[in-house]
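Student: quick one: sequence plus predicted model below, questions after.
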Amino acid sequence: MQRIWRRLSFGDRLLVVLVALYVALWPLEGLGSIVYALRSLLQGLIYVVAALLLVRLAYRAGRAVSRRFLWRVRHRMILAYVFVGVIPLTLAMLLAAFGLLLVAGPLAAYLVSAEIDKRSSALYATADSFAWEIVAAEADQRFAIGSRFMQDATRRYPGLMARFEAPDGPVTVPADFKTDEPPAALTDYRGAVRRDGELYLAAYAQFEPGAPSLLLMAPLSREYLLELVPGLGIVEPLADVAARTEQASGVFPGVRAALAARPRPTGERPLQALLPEPRHPLDWPVPWPIRTAVLDWQTGQVVEEEALLLRTRPSAVLQLIFAPQSPVMKRIASFTGRTLTVLFLLALLVSTIIAVSITRTVTGAVSDLYIGAKQVGQGNFSHRVPAQGYTQLTELARSFNSMTSSIEQLIQDSKEKQRLESEVAIGREVQQRLFPANAPQLETLVLTGSCTAARSVSGDFYDYLPLGPGQVAISFGDVAGKGISAALVMAAVHSILRTQLALRPVREDGGEQAISTARLVTEVNRQLASQTAPNQFATLFFALFDEQRGKLSYTNAGHLPPMLVRGGEVQRLDVHGMVVGAFAQAPYDSGETELLPGDLLVAFTDGVTEPENPYGVEYGEERLAELLVREADASPDEIVAAVLEDVRQWTGDPDELFDDMTLLVVRRKQA
């Protein structure tokens, strides 16, 4: 209970409290007028507030139910069809039925009124003819003529009553017919008359004032009215209906059933049985009051009133209207009506089938997309939504499948990229181990190298390897291309160089022979060409420095000539052959130069000289030479940092490199 109470809102809690308070006020009844007045006032206030809270609760409940029901697209479409199709169609059919009832009622009432007028005129003609015969006949013949006339007229007007002004006084048939004077308005009136609460057809005939007159009155009884328009329905005085209704109202159902089940006189049929048989289930009975002119006997006033009640069916009215028509027109009307009805029902059926099919298509596609979205949300990108046909929804499904396929491919590519990045990271770590960790310590020489890769791994390389006391081997190069392939070739060159240096020849006395840079580069070229493709080659600068002699012997295989800075001038070392790895039989020469104290030797790759500024101008070797001259007195580490910073400033984009930037700086110490 506490959980339920906590979940209720403030308004709901207030409603519960008010209901409990209202129930608690009941025992206060009968404790005095003041207490009763206060109780009534408080209960009235509770009524108002509780009613408002109930309206609020009903609104919230309706919104919750509607939201839950309308959450599905299928329910929304069904509701749309109901409002767009079912309700308007139902209203149209009801309007048509109501219109038919409105037409059938007045038309049937007109038929009854017209028949009453016709019979009123016929009764007046009968009275006029009878009065003329009576006046013209001899006195001893008037009784026989009157008897014969009444017999004939009674067959046409059951219950006919007559009053004749004879010279010796009025004569009435039947004898108990009241002989009071008719109203003056009856002289020129033909129609219904109300006398003592009963309706009659009355006709008054008098040739001239003072002459004998004749009054005929035929009661408008139920039996007479039922035969007024045969086949139309039930016509009866409205006063009888009101009396019967008043008699049946206000009694218990059992008493009312007993009144309805009481035996009828012999030959009397129940009124409901006199209604025409329905032609179809919608052929409902139509009650319609008939408004007609009625002369009030007591006042002599003619009043338009609803004197009769007609109960009929639309089919009975149509039957009477079409009865005089030709059989051909009847068949045409019947065929047309049935055809239109069948077409209407067929169109309704086809429309319903199409609407259901469209609804199933739309809601099915939305449901499939919803399921697909949930599958994708759970990480199942291999799920595919069924897409059949060619509609916007199927195209949406195909787009969804294409999207999930692309996402699945992207995930695979991402995994592959992560794998490659992991492998590249391992390769970068391996490559970093190929670069020398520390420069050899010589008394007269300082070496510093730096390689900044444009990608994860580099195709540039540098190396320095101590060969003995006062001797060091220096290698520097650039592999064609970038990335993994260049890094693999770089590793191969590095491995071959190290291997060749490890296998240098030994003299007969046990000492090592002098290394020929040209012969070593030739062997490196031969092995690299046999192990790699023709398009995988590298430039190589290989040198040996002998500290005792102060000489630097070297072979440059297609690499950019290193710069030797001496006395504020820059000299370029020679190139002794083509790149290594392209042609196995390529010849190479060697050169030698002396490194004087204070000399600065800088080897570099094209990643230093070829970067362009925003205007497309390369950094260039001249600009590099000028920088080296300016920074000639700085330490090798400072020179490397100055060159890299100057190149980045030249490109205008310090974070992006267009190629690997590698530098090797060798300085001969001052004596």
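Tutor: Perfect, thanks for sending it. On a predicted model such as this, the values are computed, not experimentally measured, just so you know.

Student: from here on, just use CA atoms for contacts and neighbour counts.
Tutor: OK.

Student: any idea which helix or strand comes after the helix or strand of the chain with the lowest mean pLDDT?
Tutor: Using mean pLDDT, DSSP states H and E, the weakest-scoring helix or strand in the chain turns out to be helix 253-261, at a mean of 43. Moving toward the C-terminus from helix 253-261, the next helix or strand (DSSP states H and E) is strand 286-296.

Student: elements contacting that following strand?
Tutor: On a contact count with 3 or more Cα pairs under 8 Å, 6 or more residues apart in numbering; DSSP states H and E, strand 286-296 meets helix 87-136, strand 191-195, strand 302-312.

Student: of all these, which lies closest to V328?
Tutor: helix 87-136 (23.6 Å; Cα to Cα).

Student: quick one: average pLDDT of that closest one?
Tutor: What helix 87-136 shows for mean pLDDT is 84.

Student: next, the buried residues of stretch 56-64.
Tutor: For stretch 56-64, a neighbour-count test (16 or more other Cα atoms under 10 Å) marks nothing as buried.

Student: now what about it, what contacts it?
Tutor: Residues from elsewhere that reach stretch 56-64 (Cα atoms under 8 Å, 6 or more residues apart in numbering): D12.

Student: what pLDDT does R667 get?
Tutor: For R667, the predicted pLDDT is 91.

Student: in contact with it, which residues?
Tutor: Residues in contact with R667 (Cα under 8 Å, 6+ apart) are L445, V446, L447, G598, D599, L600, L601, P636.

Student: okay, now L232: neighbour count?
Tutor: 27 (other Cα atoms under 10 Å).

Student: got it, and F130?
Tutor: Neighbours of F130 using other Cα under 10 Å come to 19.

Student: so which strand or helix has the closest residue to it other than its chain neighbours?
Tutor: Distances taken as Cα to Cα, 6 or more residues apart in numbering place F149 nearest to F130, at 7.2 Å, with adjacent residues excluded. Counting by DSSP H and E, the element that carries F149 is helix 142-156.

Student: for that helix, packing partners?
Tutor: Packing partners of helix 142-156 (3+ Cα pairs under 8 Å, 6+ apart): helix 87-136.

Student: what angle do the helix it packs on and helix 142-156 make?
Tutor: 170 degrees (axes from the mean of the first three to the mean of the last three Cα atoms, to 10 degrees).

Student: same for helix 87-136, what does it pack against?
Tutor: helix 142-156, strand 191-195, strand 198-206, strand 213-219, strand 286-296, strand 302-312, helix 314-322.

Student: before we move on, back to that, the residue nearest to F130: how many residues sit nearby?
Tutor: Using other Cα under 10 Å, F149 has 16 neighbouring residues.

Student: could you do K417 as well?
Tutor: Neighbours of K417 (other Cα under 10 Å): 14.

Student: tell me the phi and psi of it?
Tutor: K417 adopts backbone torsions of phi -60, psi -40, taken as degrees, to the nearest 10.

Student: state the distance from it to L410.
Tutor: According to Cα to Cα, to the nearest Å, K417 stands 10 Å off from L410.

Student: most tightly surrounded among the helices and strands packed on strand 286-296?
Tutor: Among those, the stretch with the highest mean neighbour count (mean count of other Cα atoms under 10 Å) is strand 191-195, at a mean of 21.

Student: from what I see, S113 and I290 are in contact.
Tutor: Yes - if you go by Cα atoms under 8 Å, S113 and I290 touch, sitting 7.4 Å apart.

Student: rounded mean pLDDT for stretch 62-77, please.
Tutor: Here the average pLDDT along stretch 62-77 is 72.

Student: if we can go back for a sec, in CSV: the helices and strands packed on helix 87-136, plus mean pLDDT and distance to H75.
Tutor: As requested, the helices and strands packed on helix 87-136 are exported to CSV (pLDDT from 0 to 100; distance: least, Cα to Cα, whole Å):
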stretch, mean pLDDT, distance to H75
helix 142-156, 77, 67
strand 191-195, 89, 62
strand 198-206, 87, 61
strand 213-219, 86, 64
strand 286-296, 89, 39
strand 302-312, 88, 43
helix 314-322, 82, 39
